[in-house]
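A.B. asks: fold the stuff below for me.
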Amino acid sequence: MLFEGTDNFPSSKELATYVEGVGGRSGAFTDKEFVLFYVKIPKDYMNIGIHYLSEILFRSKLEDDVIKKEKNIVIEELKRKLDNPEVEIWDQWFEWLWGKNQSLGKSTLGDIESIKNITREKLKEYLATYYVPPNMVLAIVGNVSVEEVKKAVDKYFKNIKGKEVSKPLKLKFLPKSFPLKIIQKDLKQNQMIVGFVTGVSLLHQDRFPMQILSDVLSRGVNSRLFHRLVYELGVAYSAYTGNYFLSDTGLFYIYCGASSKNIKKVIKEIFQQINLLKTTKITDRELYKTKIKTKADVVFSFESPDNLASFYAAQELLEKRILSMKDLLHEIDTVTAEDIQRAARKYFILSNLSFIIRGSFKQSGKILETLIKNNIS
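C.D. replies: Okay, the predicted model is just below:
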């Protein structure tokens, strides 16, 4: 709705022309803990970019007929998500893991009922509560004068009033009687997430060991889990791992897509790789090679001003600190083989597990439960 017109630019076309007319572009996306609005614009038109952001954030018209139209668009987006099993499984995993009453258990996109219930009054109240400077971080990256930036920000942001909103209630993870959820769907391929609630947040001491651990398993074609499942055994179409480092908790996940006949083989191999990390320290050579790949990702990300702006904004907003590229590379270098083994032993345990499978397969839940119990300590 914020791109649909403002007091000074009444239509979406006029608003877009204001930025695009000088070669700029804009957009937005929603993460688990923040919403990011961005403008990329030639440096000579920096003031236009900052003015544009202030327009959409503080002066959007929010007209009823446009809200009605936008609801239909978002509902179509929701339907597209529901039709995509590789996307839908993530919402189902988070909902099962945290429950609908906790923030992380709710879909970012919402559902049809919540979308239909949106009104102009609700949007205005939401904006007035959250979209105010005390809740914002404005990151500007480029060849610009700091003094000119300060003047422009003061001009367009300084007089907007509002209070900082308190943080949401701390999340509570309640272990399941058995951490396996099966969702039967008539699909040709099964999607699965083997997840662990680690509690490793953005500021946690194990953040970088867990990052390296993830990269050992699935960073690149020659990584342990990816190469084993896809190239050696040929039992999976895709396989990757990762971490959600959030402000007050953390999750580690292994995602895999496989046919029904290969489910048991995939599960066994996943837990064998997990147990190997727990029982045997990785070699100095593998650690060195993995760190090179991890550090390359950091260096490459710092080459893009778009990435830098969103990276710095998220850091300041959620961590209240700024880690430079040098800081990040140093943190990666300090991770040891002992750190990785210790983290694997600490977090990859049955009580932290949350395993979800979505698809059409013949194995019963009891068979899979036994298989999991027999392969994780």
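A.B. asks: low-confidence regions, the stretch 251-377 of the chain specifically.
C.D. replies: Low-confidence regions of the stretch 251-377 of the chain, defined here as pLDDT under 70, cover residues 362-364, 377.
A.B. asks: could you pull out the strands for it?
C.D. replies: Ranges of strands within the stretch 251-377 of the chain are 353-359, based on DSSP state E, counting those that start in this stretch.
A.B. asks: just the stretch 51-200 of the chain next, same as before
C.D. replies: Under DSSP E, counting those that start in this stretch, the stretch 51-200 of the chain gives strands at 180-184, 190-197.
A.B. asks: off-centre distance for the first one?
C.D. replies: When distances are taken as Cα atoms, centre = their mean, to the nearest Å, strand 180-184 is centred 23 Å away from the chain's centroid.
A.B. asks: next one: the last one
C.D. replies: On the basis of Cα atoms, centre = their mean, the separation between the geometric centre of strand 190-197 and that of its chain is 15 Å.
A.B. asks: for stretch 65-85, same thing?
C.D. replies: In terms of Cα atoms, centre = their mean, the centre of stretch 65-85 is set 21 Å apart from its chain centre.
A.B. asks: ok so, going back, could you tell me the least trusted of the strands of the stretch 51-200 of the chain?
C.D. replies: In terms of average pLDDT, strand 180-184 trails the rest of the strands of the stretch 51-200 of the chain, at a mean of 89.
A.B. asks: could I get the buried residue list for that strand?
C.D. replies: L180, K181, I182, I183 (16 or more other Cβ atoms under 10 Å). Where C-beta positions appear, they are placed from N, C-alpha and C, glycine not excepted.
A.B. asks: Throw those into JSON lines and include distance to V153, thanks.
C.D. replies: Written out in JSON lines, the entries for the buried residues of strand 180-184 read as follows (distance: Cβ to Cβ, whole Å):
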{"residue": "L180", "distance to V153": "51"}
{"residue": "K181", "distance to V153": "47"}
{"residue": "I182", "distance to V153": "52"}
{"residue": "I183", "distance to V153": "47"}
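A.B. asks: on that earlier part again, do you know which of the strands of the stretch 51-200 of the chain lies nearest L329?
C.D. replies: With respect to L329, and counting by Cβ to Cβ, the nearest of the strands of the stretch 51-200 of the chain is strand 190-197 at 26.6 Å.
A.B. asks: what pLDDT, on average, does whichever helix or strand comes after that closest one get?
C.D. replies: In the C-terminal direction, the helix or strand that comes right after strand 190-197 (DSSP states H and E) is helix 207-218. Mean pLDDT, helix 207-218: 97.
A.B. asks: tell me which other helices or strands helix 207-218 touches.
C.D. replies: In this structure, helix 207-218 packs against helix 224-226, strand 238-245, strand 250-258, helix 263-279, helix 284-301, helix 325-333, helix 337-347, with contacts taken as 3 or more Cβ pairs under 8 Å, 6 or more residues apart in numbering; DSSP states H and E.
A.B. asks: most tightly surrounded among those?
C.D. replies: Looking across those with neighbours counted as mean count of other Cβ atoms under 10 Å, the highest average goes to strand 250-258: a mean of 23.
A.B. asks: other SSEs contacting it?
C.D. replies: Counting contacts by 3+ Cβ pairs under 8 Å, 6+ apart, strand 250-258 is packed against helix 85-98, strand 190-197, helix 207-218, strand 238-245, helix 263-279.
A.B. asks: out of these, which is closest to E148?
C.D. replies: Comparison of the helices and strands packed on strand 250-258 against E148 by Cβ to Cβ identifies strand 238-245 as nearest, at 34.4 Å.
A.B. asks: partners of the closest one in the sheet?
C.D. replies: When pairs are called by DSSP bridges, strand 238-245 turns out to pair with strand 250-258 (antiparallel).
A.B. asks: and the partner strand, how far out from the chain's middle?
C.D. replies: Taking Cα atoms, centre = their mean, one finds strand 250-258 lying 13 Å from the centre of the chain it belongs to.
A.B. asks: now do that strand against helix 263-279, angle only.
C.D. replies: Per axes from the mean of the first three to the mean of the last three Cα atoms, to 10 degrees, the angle that strand 250-258 makes with helix 263-279 is 140 degrees.
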